[in-house]
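Asker: 3D model of this:
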Amino acid sequence: MAVRSNPTLRQRRLGAELRRMREQAGLGGTQLARELGISPGQMTQMETAKIGVSPERLRTVAAACKCANRPLIDALAAMAGERTKGWWESYRGTVGTDAIDVAEIEGHAQRLSTYTITFIPGLLQTVAYANAIFSLGFPPLPQDEVDLRTSFRLQRQHFIRSEGPRYEAFLHEAALRIQFGEPGVLSDQLAAVIEASNHPETSVRVVPFDTANYPGPSSDLTYAAGTVPELDTVEMDTAHGVQFFDSPAQLTSYRATFERVDSIALSEGESRDFIQSILKEMKDKHA
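Answerer: Next up, the predicted model:
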């Protein structure tokens, strides 16, 4: 079996779930390998996604680990049997790994929720706004690299709006007011957010500055729901790149975080009116 040099994020997740299943069963890698009739090295390669695992082998592993979670086993078997490549694969090697991983998570999500504090989420950004953000890097990116990243972001938006899952965007008021590029860039961006909020599969809700007892997160987050709760994923944007979280404890914590944000955010209608008021304020200021 060919050894993968660069397994995808989804392949790595499948391997991690195999390892988690083994550890929950209290089995060592060598012990499980012996029960499966493979070498310890092959067991390690399966868990690190260096080699693939068939749906049949996955079910054999689940049986050896005495895993009784049928929905999870079925979902993992479906992952193991995936052969179709996502649209993002055509960009692999041209855009960064983080961008590919984010698109892959979105491409397999059953539902997406984002919470942003410093900027409008990528799935709602206009071309000018995205260009302005990508142009802020230091050292500055060449214009062709800025254009490539913006193009990739637009492809993500197209997928979500045409084929993707239900998308729920929570925006802190700060994200609606921090300016990137010229004043007209932000006003056009806010108008685009209002328009997007009218899409039947998109929800936009705002957390105002004056929200009492603000319990929200301090980082920009994405919660991607999997086919079963155990396969949910959390993405956190940091100054040093994207981080992903998927342990049961982490997922429980971030579910609670989004539940708190949901409880304090304005309704969809109130949010549209709120964004419209900021847009009017900006236009009056620059009239």
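Asker: so where do the strands sit in the stretch 101-250 of the chain?
Answerer: 111-116, 166-172, 202-207, 220-225, 233-238, 241-245 (DSSP state E, counting those that start in this stretch).
Asker: Residue 134: which of those is closest?
Answerer: Nearest to residue 134, of all these, is strand 233-238, at 13.7 Å by C-beta to C-beta. C-beta here means a position set from N, CA and C on the backbone, and glycine is covered the same way.
Asker: what does whichever strand or helix holds residue 20 contact?
Answerer: If you go by DSSP states H and E, residue 20 is part of helix 9-24. Where contact means C-beta atoms under 8 Å, 6 or more residues apart in numbering, the residues beyond helix 9-24 that reach it are 4, 7, 29, 32, 46-49, 52-53, 58, 61-62, 65, 67, 72, 76, 79-80, 82, 100-101, 104-105, 108, 230-231, 233, 244, 246.
Asker: C-terminal to that helix, what's the next element?
Answerer: helix 29-36.
Asker: Show me the shaky parts of the stretch 1-150 of the chain.
Answerer: The stretch 1-150 of the chain contains residues with pLDDT under 70 at 1.
Asker: Let me see the ranges of the helices in it.
Answerer: Using DSSP state H, counting those that start in this stretch, the helices of the stretch 1-150 of the chain run over residues 9-24, 29-36, 40-47, 55-64, 70-80, 97-108, 127-134, 143-162.
Asker: what about residue 240, neighbour count?
Answerer: 6 (other C-beta atoms under 10 Å).
Asker: what are the phi and psi values for it?
Answerer: Residue 240 has phi and psi values of phi -110, psi 10 when expressed as degrees, to the nearest 10.
Asker: Nearest to residue 192, out of the helices of the stretch 1-150 of the chain?
Answerer: Of the helices of the stretch 1-150 of the chain, nearest to residue 192 by C-beta to C-beta is helix 127-134, at 8.1 Å.
Asker: Drop anything exposed from the contacts of helix 9-24.
Answerer: For those, a neighbour count by 16 or more other C-beta atoms under 10 Å gives the buried set as 7, 29, 32, 46-49, 52-53, 58, 61-62, 65, 67, 72, 76, 79-80, 100-101, 104-105, 108, 230-231, 233, 244, 246.
Asker: Residue 125 contacts residue 133, doesn't it?
Answerer: Yes. Counting by C-beta atoms under 8 Å, residue 133 is a contact partner of residue 125 at 7.5 Å.
Asker: Please consider this matter closed, and thank you.
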